[in-house]
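Engineer: following is a predicted model, sequence given first.
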Amino acid sequence: QLQLVESGGGVVEPGGSLRLSCAGSEPTSTKRAVAWFREAPGKEREAVSCISSGGRMSHYKESVRGRFTISREHAKNTVYLQMNNLKPEDTGLYYCAAGEFSYCQGVGLPAVSVWGQGTQVTVYL
């Protein structure tokens with residue numbers, strides 16, 4: 001059964017950068033679209049970015065467009081989220097998820113197959 005493991009979270013100052021990684025346990029992850037979600041304290045989980053299985057299509061939440069970049073490396077079964085110019089409102093627990101299908105639905109997924117365990121991102125003033 002496919003499993004996802006996130007890494008790369010941390011504590012940074014505003015304007016800083018982090019790169020999150022989402023590693024799949026098996027090659028089948030490369031056939032699925034993958035999305036990043038985040039959950040801020042007291043708020044619902046929201047989709048931040050999604051990339052299609054082939055990596056040709058990517059989508060971003062408006063507030064992160066131009067600052068975040070999603071990419072994937074099939075040889076490593078890994079999806080990345082490069083986050084630049086981080087802001088305090090980017091703080092949250094970041095999850096990656098693999099979809100049932102090869103495509104995204106908007107910024108998220110039409111159906112989630114598996115979630116990772118999450119990695120904390122904290123941007124402090």
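Structural biologist: Here it is on my side, so go on.
Engineer: let me see the contact set for the one residue sitting closest to the centre of the chain.
Structural biologist: For the chain, the residue whose C-alpha lies nearest the mean C-alpha position (CA atoms, centre = their mean) is W36; its distance is 2.4 Å. W36 makes contacts with 20, 22, 47-50, 70, 79, 81, 94-97, as judged by CB atoms under 8 Å, 6 or more residues apart in numbering. In this view, the C-beta of every residue, glycine as well, is placed from N, C-alpha and C.
Engineer: tell me the buried residues within the residues you listed.
Structural biologist: Among the contacts of W36, those classed as buried by neighbour count (16 or more other CB atoms under 10 Å) are 20, 22, 47-50, 70, 79, 81, 94-97.
Engineer: returning to that earlier point: ok, the helix or strand hosting the residue nearest to the centre of the chain: who's next to it in the sheet?
Structural biologist: When secondary structure is defined by DSSP states H and E, W36 falls within strand 34-39. If you go by DSSP bridges, strand 34-39 pairs up with strand 46-51 (antiparallel), strand 92-99 (antiparallel).
Engineer: in JSON lines: the contacts of W36, plus distance to G116.
Structural biologist: Compiled in JSON lines, the contacts of W36 are given as follows (distance: CB to CB, whole Å):
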{"residue": "L20", "distance to G116": "10"}
{"residue": "C22", "distance to G116": "6"}
{"residue": "A47", "distance to G116": "14"}
{"residue": "V48", "distance to G116": "13"}
{"residue": "S49", "distance to G116": "14"}
{"residue": "C50", "distance to G116": "14"}
{"residue": "I70", "distance to G116": "14"}
{"residue": "V79", "distance to G116": "10"}
{"residue": "L81", "distance to G116": "12"}
{"residue": "Y94", "distance to G116": "9"}
{"residue": "Y95", "distance to G116": "5"}
{"residue": "C96", "distance to G116": "5"}
{"residue": "A97", "distance to G116": "7"}
